[in-house]
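K.L.:
give me a model of this one.
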Amino acid sequence: MNSRLLLSAAAIALSATAAQAQDCTFEADIADFTQEQIDALYDCVRDELPAAYGAGDDAVAAVYREWQAAATGPAAPGFHGGRFLNTFVNEVGHAEYIRYEGDDEAFEMPVGTVIAKESYTLRDGAPRIGPLFIMTRVATDQSPETDGWVYSAVQPNGNPMGIQQSFCHDCHGGFSFSDSLGYPAFDVRLGQ
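P.N.:
Predicted coordinates:
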């Protein structure tokens, strides 16, 4: 009897998630999302994200999906305005990035590394695409005030987003032990 109830409950939960993925409306508070709901939401926006960012002429927005992912998928919302984030890293820096260094002040990502972070959230139960956040590693002497990182972003309409380097680095600089990188959540890190 208990196994029938468990099977019925599992079937209902799976069908609810499938229904959410089909119509892309979500009733739960994003802070309470399960990984299954996070994945279903990502399925709703997966194809829209690169199309939206690529509507302009940003070189990174045009190619970031050809890079390797830095996580198994998005995790619960956190930084960057409480949005869901999914990170991609170019070939120059991917192997180093997925080491997830976190305790070495001397650690530096290779010059030429480019990191692109998709973002999205929910508004009134429907997915809403956020900016594509981009970090580019340059020689430290080229951008000493941001420890060798140049920050940029692309709006959901493909246009460049006006940002101040100091605004981004005020937060990222707090991660000096990992070369200013705020890595994906532990539960979605590759190989963890």
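K.L.:
quick one: mean pLDDT over stretch 174-192.
P.N.:
Across stretch 174-192, pLDDT averages out at 90.
K.L.:
which residues touch it?
P.N.:
35, 69-76, 78-79, 85, 87, 97-98, 100-105, 107-109, 115, 135, 146-147, 149, 169, 171-173 (CB atoms under 8 Å, 6 or more residues apart in numbering). Every C-beta, even on glycine, is put in place using the N, C-alpha and C of the backbone.
K.L.:
next one: stretch 94-110
P.N.:
With CB under 8 Å, 6+ apart, stretch 94-110 has contacts from 67-68, 70, 89, 92-93, 113, 115, 137, 140, 148, 176-179, 181, 183, 189-192.
K.L.:
in strands only, show me those.
P.N.:
68, 89, 115, 137 (DSSP state E).
K.L.:
just the contacts of stretch 174-192: which are in helices?
P.N.:
35, 79, 97, 169, 171-172 (DSSP state H).
K.L.:
about what we covered before: of the contacts of stretch 174-192, keep whichever come out buried.
P.N.:
Using 16 or more other CB atoms under 10 Å as the burial test, those include 69-72, 74-76, 85, 87, 97-98, 100-101, 108-109, 115, 135, 146-147, 149, 169, 172 as buried.
K.L.:
now do residue 29: how many residues are near it, please.
P.N.:
For residue 29, the count of nearby residues is 8 (other CB atoms under 10 Å).
K.L.:
ok, now how distant is it from residue 121?
P.N.:
Look at residue 29 and residue 121: by CB to CB, to the nearest Å, they are 12 Å apart.
K.L.:
now residue 83
P.N.:
5 Å.
K.L.:
identify the contacts common to these two.
P.N.:
Counting by CB under 8 Å, 6+ apart, the common neighbours of residue 83 and residue 121 are 77, 130.
K.L.:
switch the ones in helices among the contacts of stretch 174-192 over to CSV; also include distance to residue 58.
P.N.:
Converted to CSV, those look like this (distance: CB to CB, whole Å):
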residue, distance to residue 58
35, 30
79, 22
97, 21
169, 20
171, 22
172, 20
